[in-house]
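Visitor: turn this into a structure:
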Amino acid sequence: MKRLNASETLDLISKQWAGTKDIQKLAQCGENKARQIKEHIKKEIDNWLMPSNEVPMSKLVEYLKIDIKYLKKVERSMKNETIEN
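Guide: Predicted structure coming up:
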């Protein structure tokens, strides 16, 4: 599976909901592990009203401990390098 760069990661986590494919991309795992992660998150928030096959992206970001501030910093740095070249 292709590793996402900072910009791609930020684009993906801007979605409201995460499905199995999104989890696979962000966690860089296979389908079975992605389903386990999704079920773990669903158990933590079982009283939420949500689509049956998705979990809130905010909870996935929290679960995976994705550092959004760092990603934004890297993205700005990458854009600056592109402009300079």
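Visitor: hmm, who's touching the helix ranked longest in the chain?
Guide: Assignment by DSSP state H gives helix 68-84 as the longest helix of the chain. If you take C-beta atoms under 8 Å, 6 or more residues apart in numbering as the criterion, helix 68-84 is touched by 5, 6, 7, 9, 10, 13, 61. Placement of C-beta: from N, CA and C, glycine included.
Visitor: dump it to PDB, restricted to CA.
Guide: Extracted C-alpha coordinates of helix 68-84, given in PDB (Å, rounded to 0.1, in the frame of the first residue of the first chain):
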ATOM      1  CA  ILE A  68      -2.400  17.300  12.600                       C
ATOM      2  CA  LYS A  69      -0.200  20.300  13.500                       C
ATOM      3  CA  TYR A  70       2.900  18.500  12.400                       C
ATOM      4  CA  LEU A  71       1.300  17.400   9.100                       C
ATOM      5  CA  LYS A  72       0.300  21.000   8.400                       C
ATOM      6  CA  LYS A  73       3.800  22.200   9.100                       C
ATOM      7  CA  VAL A  74       5.300  19.600   6.700                       C
ATOM      8  CA  GLU A  75       2.700  20.500   4.100                       C
ATOM      9  CA  ARG A  76       3.600  24.200   4.300                       C
ATOM     10  CA  SER A  77       7.300  23.300   4.100                       C
ATOM     11  CA  MET A  78       6.700  21.100   1.000                       C
ATOM     12  CA  LYS A  79       4.700  24.000  -0.700                       C
ATOM     13  CA  ASN A  80       7.600  26.400   0.100                       C
ATOM     14  CA  GLU A  81      10.100  24.100  -1.500                       C
ATOM     15  CA  THR A  82       7.900  23.800  -4.600                       C
ATOM     16  CA  ILE A  83       7.600  27.500  -5.000                       C
ATOM     17  CA  GLU A  84      11.400  28.000  -4.600                       C
END
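Visitor: so where's the protein uncertain?
Guide: In the predicted model of the chain, residues 82-85 satisfy pLDDT under 70.
Visitor: just give me the neighbour total for residue 4.
Guide: 16 (other C-beta atoms under 10 Å).
Visitor: then residue 79?
Guide: Residue 79, neighbours per other C-beta under 10 Å, totals 12.
Visitor: quick one: it from residue 71, how far?
Guide: 13 Å (C-beta to C-beta, to the nearest Å).
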